[in-house]
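Asks: here is a sequence with its predicted model. Questions after.
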Amino acid sequence: MVRYVFIFLWVFTATTPVWAQGYGQNKVQYKTFDWYILKTENFDIFYYPGSEELAQRTAEMAEDAYHRLSKKMEHKLSRRTPIILYDSHNDFKQTNVSLEMIEEGVGAFTTVFRTRVVIPFTGSYAEFEHVLTHELVHVFQFDLIYGSLLDSVVGRAYVFPLPLWVMEGMAEYFSKTWDNSDDMFMRDAVISDYLIPIPQLEYANGFIIYKEGQSIFEFMEERYGREKVIELVHSLRKFRNFDRTLEAVFGVDKKELTNEWELWLQRRYWPVLVDRDMPHEIAKEMTKHEEDRTFFINIAPSLSPEGDKIAFVQSGSWNQYSRIILMSAINGKIIDKSLVTGERTGHFEHLHTDRNKLTWSPDSRYLAFAAKAGDQDGLHIVTVKNGDKHYLLKFDLDGLYSPDWSPDGSQIVFVGLKNGYSDLYVVRDVDLYLRGEVSEADLRANLQRLTHDMWDDNWPSWSPDGSQIAFSSDHPSTEQRSDVGQYDIFTMNMKDYSIQRVVDLPSKEEHPEWLPHGEGLVFVSDQNGVPNLYRLNFAENTIEAMTNVATGVAMPTWSSDGKRLAFAGFRYAGWDVFLVNDPEHLLEMDADSLQVADRDSLQSISSDRDRVEVDTVDSFVSSSTGERDEKDMSTSKMPFPLEPLKPVYLKPTPTDSSETLLTQGEINLRSKKYKLRFEPDYITAGGGYDTEYGWATQIAVALSDVLGNHQIRMGMSSLSNTLEDSDLFLAYWYLPRRVDYSLQLFHYKSYYYGRVSTFGEFFDSNQLFSERMYGITGKLSRPFDRFRRLEAGFTTMRLEQELFERGLDGYYRPSGDVERRTILSPGISLVKDNTIWGSMGPVNGSRWRISLDTSVLSSWNYTNVTFFYHRYHLFWQRYNFAYRFLTSASYGEDRRQFYIGSPWLLRGYNYDEVRGSRVALLNTEFRFPFLDVVLMAFPLPGLAVQGIRGVGFFDIGSAWNNEDLWRGSEREGSRFRLRDLKASWGVGFRSWMVVLPFILKYDIAWTTDFSSQSDPKHLFSLGAEF
């Protein structure tokens, strides 16, 4: 029988067997956002209270970027673009525009269909402007390349893919000028020999495709001219393929382009090694990520005051949790390989990598750092010995970064993000809090804000006597806006809070650290094209180069006696920790030094930058209504007034009662409150014809609002002209609050031939029968944090089952005897999932689910209890051990029958071979890489099948109805064998299918009772590993 299959995943959630139910981590809406829209000439800026100034600056930046890109790319957008703005990365993680989890490294994203830019502010306007422009390049790409295909929900099915490196490299090329950070990465790629050739680049992912892609476009401009690059971009729409476009415009293929580009890079970067060092030549390598091959980021080193230990953050692994490592600075041995582990619990949801800093208490007993903890970032303090005590401080900030402990142990300064301002804060009486003499509430009440301006203040560092704080900021030396992103070094006097610029160079200066006796500072500067260490000597009024590496350094840290210096060094596409004993010898190197102005002539900005009035946190945080205090909205405290927006780009909207008046300088804007409106995400339709059943049709429709908070799905699959024989569904999700709700209406009509019905009823022999199911499913999901949630729901359903009888002519006809049943089944589940996924399935962590569902006021009387537990151990690179335990029991007059024989559960056994109202099953697997790449020679030469993995497995389980009669094993004389326990073992292989986006699994299984075994059974299945 030919049957067209239409899969309704969202309805199956309520009707499939319990072991088919999902896990997954939670996107938690900690806040309920009240959205407004600020309209400009080309954009709709979506924002919420507290972000008014940020929204206006975004409007200005977006319009500036639009006109720059329109000129560069020789194109004007054909439609308005929504920009959905979040004032922190923590808020950004809560977006429903994409239902995928937003990880720490995602800076923004743009949707292809219904083109929307979704972007957070993370503290730096320079970084924000670059990311915003990058995303707007994607908007131009989609409009220019795909054009009217995106206007039609039907035409979207014909959108052709382009290599990711082309899209991202082009976005970087048009959004920024080539700078030292780009050079740092590409120089290292050439020197360390990990450059990916262009033909293989389309199979790569990660940061490298951005930088290599940008470099390729820079090369094409230099070699062929900017006009030809623009021609290439415009020709992509015509040829609908990058390879054909490349040959048509430049007359070369990807291999020829690779050869020219690589030679261009080698001529540019190889000479650098003549006069520069590699980090390992001047310092001891404490980590080697290229040998470990697990983590490629070892960052934020921090020497203990005695100089005998180093703490650092290890992250950047695709299959490991980030963690804080404690290492001996004397012999390099690991003292504690996981003092703190991230991404496993809500307390340490993320250990920040980009802007984090570890800081020791003066007595070396505690370590403080910033990490996401549930709804916001927190200041974490752990005991260094075993990390057995953990203190968590939250200050109602949108972000928290880079803490530094004062020399007397009483204060911690850090960077706080609030409503679009990245400023310095200090919390006092920390020592008293750790001794239990003051409460956490006391610390929060005494939190002080040290700076208050739009500039990005970062990397604070206490002087050894505690009288000053050094920090990095892009506060300009003049009122010119173009200085944003050019960082200098400042100091703040903690007696009167006056601020002085102590390093004023045209390059970028960051990561200041005081010399052990307060006689100067060491900092990182890229003034010679590469981030290197420099020392500012106050007494001699000089800046001296300490390193001259070719690849870059960051985050220096001193021991209190000055005998050891550690830093992070970049090489081989990652970061490692390096240690220098007796760092004074670095000053004897032959490296360029800088002359600094006399200290008396160093610009004191206290006259420009009004002395900061130190307020408690209550004076600037948002009130319960979401509106900021009036004095906080004032610009009188800021060093320079916020630059007025450019009125030429602002689009007034008609006044109505839903509008809010925003004021910026002398410009008044009308901002309209967001109103719910559904638009189609996609509409797909298909059909076919069967000689026996006639025409078959399939339709699927998805609708949502622009924020993704309200989603509707509907569909139909039919093999006849009657509604009774059609599959239908209609589902709605409500997602804007912490508790997610869904309501689903469904109707199925299916035909089966077998011994088991959908609800586990067992026939004496194979039967042809039909089942018609229709009803309603409701569900709510309440997450506790990213990893744990409570689910509750119900299904009310009508089931009609009819057997078919075979006549004398051999044809099956309905018997006319229809069995009808009504079910009302509520259920509840607890779920936890902190797993990390690889290419085929989970590779690290654990997940479990315990569920209870029952029937009430129904034709059936049953209660089911189910428990699942999965554990994954990654013990070396790509090798891991996985096991799964499940048990389920059904009670009541109509207790369910569970079946565990299948390629997904107890391998080697048929579906109805192992069944009962009680089941227990243990799956164990050893997973390993088998073949990384297989290249086909014929009939499709060059076709690559990548990432074939192998598995060895052992399964054992049982199903029974009567505990009194169950016996797991038995002996026949001296011979031992399993009886009611069923076992199997075997080997298997997994690979992504070449054409379809599915994982194909092939297993060879032998069943065994430990006294004999069966012939091998060959099993094929689709789907991820358990």
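Replies: Sure thing, it's come through.
Asks: next one: whichever strand or helix holds Lys372 to chain centre, how far?
Replies: Take DSSP states H and E as the rule and Lys372 turns out to sit in strand 366-373. Centre-to-centre, strand 366-373 and its host chain are 20 Å apart (CA atoms, centre = their mean, to the nearest Å).
Asks: what angle separates the next helix or strand after it from strand 366-373?
Replies: Note on strand 366-373: by DSSP H and E, the next helix or strand toward the C-terminus is strand 376-383. In terms of direction (axes from the mean of the first three to the mean of the last three CA atoms, to 10 degrees), strand 376-383 departs from strand 366-373 by 150 degrees.
Asks: show me what strand 376-383 is packed up against.
Replies: Helices and strands touching strand 376-383, as assessed by 3 or more CB pairs under 8 Å, 6 or more residues apart in numbering; DSSP states H and E, comprise strand 334-341, strand 366-373, strand 390-393, strand 399-405. C-beta here means a position set from N, CA and C on the backbone, and glycine is covered the same way.
Asks: just the C-alpha atoms of the strand holding Lys372, please, in PDB.
Replies: Only the C-alpha atoms of strand 366-373 are listed here, as PDB (Å, rounded to 0.1, in the frame of the first residue of the first chain):
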ATOM      1  CA  TYR A 366      39.600  33.100  47.500                       C
ATOM      2  CA  LEU A 367      39.200  33.600  43.800                       C
ATOM      3  CA  ALA A 368      36.600  36.000  42.300                       C
ATOM      4  CA  PHE A 369      35.300  36.100  38.800                       C
ATOM      5  CA  ALA A 370      32.200  37.000  36.800                       C
ATOM      6  CA  ALA A 371      29.800  34.400  35.300                       C
ATOM      7  CA  LYS A 372      26.100  34.300  34.200                       C
ATOM      8  CA  ALA A 373      24.000  32.900  37.000                       C
END
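Asks: each with direction, which strands does it pair with?
Replies: If you go by DSSP bridges, strand 366-373 pairs up with strand 350-351 (antiparallel), strand 359-360 (antiparallel), strand 376-383 (antiparallel).
Asks: do you know how far Phe1020 is from Pro842?
Replies: For Phe1020, the distance to Pro842 (CB to CB, to the nearest Å) stands at 22 Å.
Asks: these two: which has the busier surroundings?
Replies: Pro842 (24 against 9; other CB atoms under 10 Å).
Asks: the more buried one contacts Ala882, doesn't it?
Replies: Yes - applying CB atoms under 8 Å, one finds Pro842 in contact with Ala882, separated by 7.3 Å.
Asks: mean pLDDT and distance to Asp277 added to the strands paired with strand 366-373, as CSV?
Replies: Shown next, in CSV, are the strands paired with strand 366-373 (pLDDT from 0 to 100; distance: least, CB to CB, whole Å):
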stretch, mean pLDDT, distance to Asp277
strand 350-351, 89, 30
strand 359-360, 98, 29
strand 376-383, 96, 36
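Asks: would you turn the ones you listed into JSON lines with distance to Ala368?
Replies: Putting those into JSON lines (distance: least, CB to CB, whole Å) gives the following:
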{"stretch": "strand 350-351", "distance to Ala368": "13"}
{"stretch": "strand 359-360", "distance to Ala368": "5"}
{"stretch": "strand 376-383", "distance to Ala368": "5"}
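Asks: the ones you listed into a markdown table, with extra columns for mean neighbour count?
Replies: Conversion of the strands paired with strand 366-373 to a markdown table gives the following (neighbours: other CB atoms under 10 Å):
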| stretch | mean neighbour count |
| --- | --- |
| strand 350-351 | 23 |
| strand 359-360 | 24 |
| strand 376-383 | 21 |
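Asks: just give me the longest helix of the protein.
Replies: Taking DSSP state H as the criterion, the chain has its longest helix at helix 52-73.
Asks: quick check: mean pLDDT of that one?
Replies: Averaging pLDDT along helix 52-73 yields 96.
Asks: then it to CSV, C-alphas only?
Replies: Taking only C-alpha atoms (Å, rounded to 0.1, in the frame of the first residue of the first chain), the coordinates of helix 52-73 have been written out as CSV:
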residue,chain,number,x,y,z
GLU,A,52,15.6,54.7,24.9
GLU,A,53,19.0,56.3,24.4
LEU,A,54,20.4,53.1,23.1
ALA,A,55,17.5,52.9,20.6
GLN,A,56,18.2,56.4,19.4
ARG,A,57,21.9,55.7,18.9
THR,A,58,21.0,52.5,17.1
ALA,A,59,18.7,54.5,14.8
GLU,A,60,21.5,56.8,14.0
MET,A,61,24.1,54.1,13.4
ALA,A,62,21.7,52.1,11.3
GLU,A,63,20.9,54.9,9.0
ASP,A,64,24.6,55.9,8.7
ALA,A,65,25.5,52.3,7.9
TYR,A,66,22.6,52.1,5.4
HIS,A,67,23.9,55.0,3.4
ARG,A,68,27.5,53.8,3.5
LEU,A,69,26.6,50.3,2.4
SER,A,70,24.1,51.5,-0.2
LYS,A,71,27.0,53.5,-1.8
LYS,A,72,29.6,50.7,-1.4
MET,A,73,27.4,47.9,-2.6
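Asks: so which elements touch it?
Replies: Using 3+ CB pairs under 8 Å, 6+ apart as the contact criterion, the elements in contact with helix 52-73 are strand 36-39, strand 43-47, strand 81-86, helix 125-141, helix 164-175, helix 226-239, strand 659-664, strand 667-673.
Asks: can you add mean neighbour count and give these back as a markdown table?
Replies: Converted to a markdown table, those look like this (neighbours: other CB under 10 Å):
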| stretch | mean neighbour count |
| --- | --- |
| strand 36-39 | 21 |
| strand 43-47 | 24 |
| strand 81-86 | 24 |
| helix 125-141 | 22 |
| helix 164-175 | 22 |
| helix 226-239 | 17 |
| strand 659-664 | 15 |
| strand 667-673 | 16 |
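Asks: so, low pLDDT: which residues of this protein?
Replies: Counting by pLDDT under 70, the ranges of the chain that qualify are 1-21, 148-159, 478-483, 588-670, 689-694, 720-721, 759-760, 942, 995.
Asks: let's go with 50 and repeat that
Replies: Low-confidence segments of the chain (pLDDT under 50): 1-21, 480-481, 593-661, 663-668.
Asks: can you list the domains in it?
Replies: Domain ranges of the chain: 1-24+685-834, 29-159+640-667, 162-270, 282-601, per automatic domain parsing.
Asks: so which of those comes closest to Arg971?
Replies: domain 1-24+685-834 (30.7 Å; CB to CB).
Asks: run the chain-centre distance for the closest one.
Replies: 32 Å.
Asks: identify each buried residue in stretch 387-407, please.
Replies: Neighbour-count burial for stretch 387-407, with 16 or more other CB atoms under 10 Å as criterion, is recorded at 387, 391, 393, 395, 397-407.
Asks: nearest to His452, of those residues?
Replies: Nearest member of these to His452, counting by CB to CB, is Leu397, at 13.4 Å.
Asks: just checking, that closest one touches Leu417?
Replies: Yes - shown here, Leu397 and Leu417 form a contact pair, counting by CB under 8 Å, at 6.1 Å.
Asks: neighbours of Ala371, how many?
Replies: By other CB under 10 Å, the residues close to Ala371 number 22.
Asks: roughly how far apart are Gly819 and Trp966?
Replies: Not Gly; residue 819 is Glu. 31 Å.
Asks: also Gly973?
Replies: Distance of Gly973 to Trp966, computed by CB to CB: 22 Å.
Asks: could you check which of the two is surrounded by more residues?
Replies: Trp966 (15 against 5).
Asks: ok, now which ones touch the more buried one?
Replies: 958, 960, 980 (CB atoms under 8 Å, 6 or more residues apart in numbering).
Asks: same deal with Tyr47?
Replies: With contact set as CB under 8 Å, 6+ apart, Tyr47 has these partners: 35-36, 38, 54-55, 58, 85, 87.
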